[in-house]
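Chemist: Have a look at this fold, sequence not included:
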């Protein structure tokens, strides 16, 4: 691990809305950086709380793992407060526009793109299924994967709503995530962390259950 680089975490609460339904949710917000600069992964619900957690560090990017409203609702306010650009995979723009029709992201994420902060490289992995433009971020120097809602402790993200597809998310997890080193810690969009080695044996069960 690069000296000084670390992973920060806070949980924010709000609502997830899609397809006419609304649910109360708790979201993980991840902050990667050192004492001087940081990025935020998924600016959920509470721009003030996220800005407080960032503190006086320079925020270099607000990265969206996907564009469900509960992961992006605080992004414009945080960007306005800090000047940091909002980055999103282009395939999720239709979802983004449902929440922020008058404010586009500032840049697009692409598969294989490398985001650098505090000397740490995070590689963008396009992992569609939960959403068309869903991405994960792999930071080998931190032995970390930021999985958004693609992979949770115990199973893949939900695929029962618009813009989602179960065979696609299974392929994304199998081909892009379970091939990472087993000790990689998976920092999820909701709930507890897990590891690649803990989730890999369950792949066949997910398929059998039509998870």
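Modeler: Okay, I see it. This one's a predicted model, so the numbers in the text were calculated from it and none came from an experiment.

Chemist: pLDDT weak spots in the chain?
Modeler: 1-3, 207-211 (pLDDT under 70).

Chemist: Okay, strands next: where are they in it?
Modeler: Here the chain has its strands, by DSSP state E, at 6-18, 21-33, 37-41, 58-63, 86-89, 107-109, 114-117, 120-126, 135-139, 144-148, 151-152, 155-156, 185-188, 194-195.

Chemist: Pick the most buried one from those.
Modeler: Neighbour counts (mean count of other CB atoms under 10 Å) averaged over each of the strands of the chain peak at strand 144-148, with a mean of 28. Every C-beta, even on glycine, is put in place using the N, C-alpha and C of the backbone.

Chemist: which helices and strands does that one pack with?
Modeler: The contact analysis (3 or more CB pairs under 8 Å, 6 or more residues apart in numbering; DSSP states H and E) places strand 144-148 against strand 135-139, strand 185-188.

Chemist: Ok, which of those strands comes nearest residue 93?
Modeler: When the helices and strands packed on strand 144-148 are compared by CB to CB, strand 135-139 sits nearest residue 93, at 13.4 Å.

Chemist: Please work out which residues outside the closest one touch it.
Modeler: Contacts with strand 135-139, where a contact means CB atoms under 8 Å, 6 or more residues apart in numbering, come from 32, 41, 63, 65-66, 89, 109, 111, 115, 120-127, 144-148, 150-151, 176-177, 180, 184.

Chemist: Equivalent analysis for stretch 9-20, please.
Modeler: The contact list for stretch 9-20 (CB under 8 Å, 6+ apart) reads 22-31, 44-46, 49-50, 53, 68-70, 73-74, 98, 161-162, 187.

Chemist: go on, stretch 44-59?
Modeler: Stretch 44-59 is contacted from outside by 8, 10, 12-14, 27-29, 31, 33-40, 43, 70-74, 77-78, 81-84, using CB under 8 Å, 6+ apart.

Chemist: Please name the nearest non-neighbouring residue to residue 57.
Modeler: Excluding its sequence neighbours, the residue lying closest to residue 57 (CB to CB, 6 or more residues apart in numbering) is residue 38, at 4.7 Å.
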